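> Quick one, structure for this:
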Amino acid sequence: MRAVIQRVGRAKVSVSGETTGEIGLGLLILLGVAPEDDKTIAQQMADKIVNLRIFPDAEEKMNLSLLDVQGSALVVSQFTLFADCTRGRRPYFGDAAEPQEAEELCGAFKHMLRDQGLSVESGRFGAMMDVELLNHGPVTIILDSQELKRKR
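Sure, this is the predicted structure:
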């Protein structure tokens, strides 16, 4: 699983002009799923993301988590996070999970965030989406479940 996490003042995702998800202060999470990912990995990623201390405290130090600031999450599935651009000019997406598997795991991931008390919005799986955000900081972090495993 790969996630690009952006700390936002606000973010919105739309499909064909219709807003499908919108948040204020929180995290925009672009989420990609690999074939070997499962619910255990999704839970590890969810736990890591909600507890990342990337929000400023009273002294403007990144000391607070999404839970601490009572922020929201906007989850947008993005298979292109597994693009392989090492050969030629057209990205290869064979390292991404099959759509049905990815949709199921993205849904489970969103439920895992909600189970921790977060308000969670999302895009529409498989749709062409427009994502708008106000990146606060800017703060952008990339998480890869393979790296989390190696560092244990």
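
> all contacts plus neighbour counts: C-alpha atoms, from now on.
OK.

> Show me the shaky parts of the chain.
Scanning the chain for pLDDT under 70 picks out 149-152.

> Apply 80 and report the result again.
148-152 (pLDDT under 80).

> D130 is in contact with V15, correct?
Yes. With contact defined as CA atoms under 8 Å, V15 reaches D130; the gap is 6.5 Å.

> Give me the most central residue, this structure.
I29 (2.2 Å; CA atoms, centre = their mean).

> What's the first helix or strand after the helix or strand it falls within?
I29 is located in strand 26-32, with elements delineated by DSSP states H and E. Counting by DSSP H and E, the element after strand 26-32 in chain order, helix or strand, is helix 39-51.

> residues making contact with the longest helix anywhere in the chain?
Determined from DSSP state H, the single longest helix within the chain is helix 99-115. Outside helix 99-115, the residues that touch it by CA atoms under 8 Å, 6 or more residues apart in numbering are 31-35, 38-39, 42-43, 46-47, 50, 75, 77, 119-120, 125-126.

> Now restrict those residues to buried residues only.
31-34, 38, 42-43, 46, 50, 75, 77, 119-120, 125 (16 or more other CA atoms under 10 Å).

> Look up phi and psi at the residue sitting furthest away from the middle of the chain.
Distance from the C-alpha centroid of the chain, by CA atoms, centre = their mean, peaks at G88 (28.1 Å). Note on G88: backbone dihedrals following degrees, to the nearest 10 are phi 70, psi -160.

> Next one: it relative to A97, how far apart?
22 Å (CA to CA, to the nearest Å).

> now do Q44
18 Å.

> and N63, what helix or strand is that in?
Here N63 is assigned to strand 62-64, by DSSP H and E.

> Pull out the buried positions in that strand.
Applying 16+ other CA under 10 Å to strand 62-64 flags L64 as buried.

> packing partners for it?
strand 55-56 (3 or more CA pairs under 8 Å, 6 or more residues apart in numbering; DSSP states H and E).

> which other helices and strands contact the strand it packs on?
Counting contacts by 3+ CA pairs under 8 Å, 6+ apart, strand 55-56 packs against strand 62-64.

> mind checking how far the strand it packs on is from the chain centre?
19 Å (CA atoms, centre = their mean, to the nearest Å).
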